[in-house]
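**Q** Return a 3D structure for these sequence lines:
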Amino acid sequence: MNTTGNILIVDDEKNIREGLKKTLELEGYNIETASNGEEAFEFIKNNDFDLVITDIKMPVISGTKLLEMINNIKPYIKVIMLTGHGNVETAVESMKKGAYDFFTKPVDIDKLILTIERAIKEKNIILENIELKKQLNEKYGIENIIGSSSSLKSVMDIVKQVAPTKATVLIEGESGTGKELIANAIHRLSDRADKPLVKLHCAALNENLLESELFGHEKGAFTGAIAMKKGRFELADGGTLFLDEIGEISPIIQVKLLRVLQEKEFERVGGTKTIKVDVRVITATNRDLLQEVQKKNFREDLYYRLKVVSIKMPPLRERKDDIPLLVNAFIKEFCQINNKPMLTISPKAMAILESYSWPGNIRELRNLIEGMVVLARGNEITEKDIPPHIKSEIIEKDFVKINLGLPLSEVEKIYILSTLKFVKNNKSKAAKILNIGRKTLHRKLYEYFGTSSSDDNSDENEEEINEEV
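**A** Numbers count the residues shown, from 1 in each chain. Below is the predicted model:
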């Protein structure tokens, strides 16, 4: 393969295709030839071409038909049409169908070469954009899902595996764990990404309003229905429908939803016309739906229809390693939103946030950071900026009692040991909180305990002792 480009020449006249082949090979192009459209299409299916130059008038498969076939399987390939003077109108019509350009025979070679260069350059730009979009989707399709913990990685592995499929997905987890972000990621990483992602919060509506929102209604279907309205299923046709808090829907809506999932069709409220849709459904709940099934509050058949693939979102208290990443991301976000200079956060403040239980999960953390950024007066967020209810929980859990009369060295020893326990023996964090270097910490540990790790908690998250500061 040469670096200039790969071209397929298609013409039932041997002299024309061989003449073009020799000319373009002299320009450095890699050339293949085909004597008819059928042979050409086999070449195109099994090989990578930058450009196809094809005659319009050919037996069996015309150049125009070949253009349509190429557009169906590899639309990024540029196609140049060749035609006699009598078929210029056909050539112009082919331009409307996606041909890059056309030339009348005999071909102006110099002009053709310039057109080929331009066409291949544009094709390469298109492919680069496709690849960039793919990379961005892989990286930023989950742009708001921040973290590197093993539990989150397990979730994202499932997301990447299920996204290209048509399977329904049930996302379970506590409120504030990011279930909607997972739904966004599944849609963005799917082949429906260029189609609508329609969302509906089921718990916010009563039964009648929810039915109308899901399936739409006809004019006059009920009091106040002054015009026809499309429902979310119609609006999401070809794309994805995300139903949040699915555990809140009534038995009647459960029956109707099951029918849509099974039959891919429904009628608007007050209507008789059956509407068919192609919609990928993702649902979320903070309830234990299996328990609701056992209590007869949720249909078992609907439960298993929704739970083709299940994703369990871990609470933030099980993702403690992700807290620093989330904190810094939220600080950056809210500094930008509020036109404030970039703030930092003290090690002690970060350690407190990492130790808190976060009953409200990521939503609670995000709101907390927003408030602290808005109210911050200096360039750093410190433990003084953290609300009392959070600090009180940490104080109760990590209170250090030091009796009066102890030598200063003993006080230091107790405080170092307590700090290490506080950060689960992470010496980097402990050194930051104590405002000393790693080497100094290791020296003091050796001095006090005869080793660079404390015997009390040396098996918890132990780091390399000889790591450089």
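
**Q** Next one, pLDDT for D157 please.
**A** We have a pLDDT of 92 for D157.

**Q** tell me which element it falls in.
**A** Assigned by DSSP states H and E, D157 belongs to helix 150-162.

**Q** name the helices or strands packed onto that helix?
**A** For helix 150-162, the helices and strands in contact under the criterion 3 or more C-beta pairs under 8 Å, 6 or more residues apart in numbering; DSSP states H and E are helix 179-188, strand 309-312. C-beta: built from backbone N, CA, C; applies to glycine.

**Q** So for it, what gets flagged as buried?
**A** Of the residues in helix 150-162, 152, 155-156, 158-159, 162 count as buried by neighbour count, 16 or more other C-beta atoms under 10 Å.

**Q** Check stretch 341-357 too.
**A** For stretch 341-357, the neighbour count (16+ other C-beta under 10 Å) marks 343, 345-356 as buried.

**Q** Ignoring the adjacent residues along the chain, who's closest to R268?
**A** Leaving aside its chain neighbours, R268 sits nearest to G216 (4.2 Å; criterion: C-beta to C-beta, 6 or more residues apart in numbering).

**Q** who's in contact with the helix holding D157?
**A** Outside helix 150-162, the residues that touch it by C-beta atoms under 8 Å, 6 or more residues apart in numbering are 142, 145, 169, 182, 185-186, 189, 309, 311-314, 318-319, 322.

**Q** other SSEs contacting the helix or strand that comes right after it?
**A** Per DSSP H and E, the first helix or strand lying C-terminal to helix 150-162 is strand 169-172. Under the contact definition 3+ C-beta pairs under 8 Å, 6+ apart, strand 169-172 sits against helix 179-188, strand 280-285, strand 309-312.

**Q** Extract the C-alpha set from the shortest one and format it as PDB.
**A** Written as PDB, here are the backbone C-alpha positions of strand 309-312 (Å, rounded to 0.1, in the frame of the first residue of the first chain):
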ATOM      1  CA  VAL A 309     -29.100  -6.500  31.800                       C
ATOM      2  CA  SER A 310     -28.800  -5.200  35.300                       C
ATOM      3  CA  ILE A 311     -26.300  -2.600  36.500                       C
ATOM      4  CA  LYS A 312     -25.900  -2.000  40.200                       C
END
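
**Q** Mind listing the strands that strand pairs with, and their directions?
**A** Here strand 309-312 has these sheet partners by DSSP bridges: strand 169-172 (parallel).

**Q** Provide the contact partners of the strand it pairs with at residue level.
**A** Strand 169-172 is contacted by residues 162, 179, 182-183, 186, 246, 281-286, 288-289, 306-313 when judged by C-beta under 8 Å, 6+ apart.

**Q** Tell me the buried residues within those residues.
**A** Buried members of the contacts of strand 169-172, scored by 16+ other C-beta under 10 Å, are 162, 179, 182-183, 186, 246, 281-286, 289, 306-307, 309, 311, 313.

**Q** low-scoring pLDDT stretches of the protein, where are they?
**A** Counting by pLDDT under 70, the chain shows low-confidence ranges at 1-3, 85-86, 129-144, 394-401, 450-469.

**Q** switch to 50 and redo it
**A** Filtered on pLDDT under 50, the chain yields the residue ranges 1-3, 136, 138-141, 396, 454-469.

**Q** how is it carved up into domains?
**A** Structural domains assigned to the chain are 6-133, 150-314, 318-398, following automatic domain parsing.

**Q** residue contacts, K105?
**A** Taking C-beta under 8 Å, 6+ apart as the test, what K105 contacts is 16, 82-85.

**Q** neighbour-wise, which of those leads?
**A** L82 (26 neighbours; other C-beta atoms under 10 Å).

**Q** Okay, and the beta partners of it?
**A** Applying DSSP bridges, one finds that L82 bridges with D55, F103.

**Q** In contact with it: list those residues for me.
**A** 11, 16, 53-56, 63, 102-105, 107.

**Q** Sounds good, over and out.
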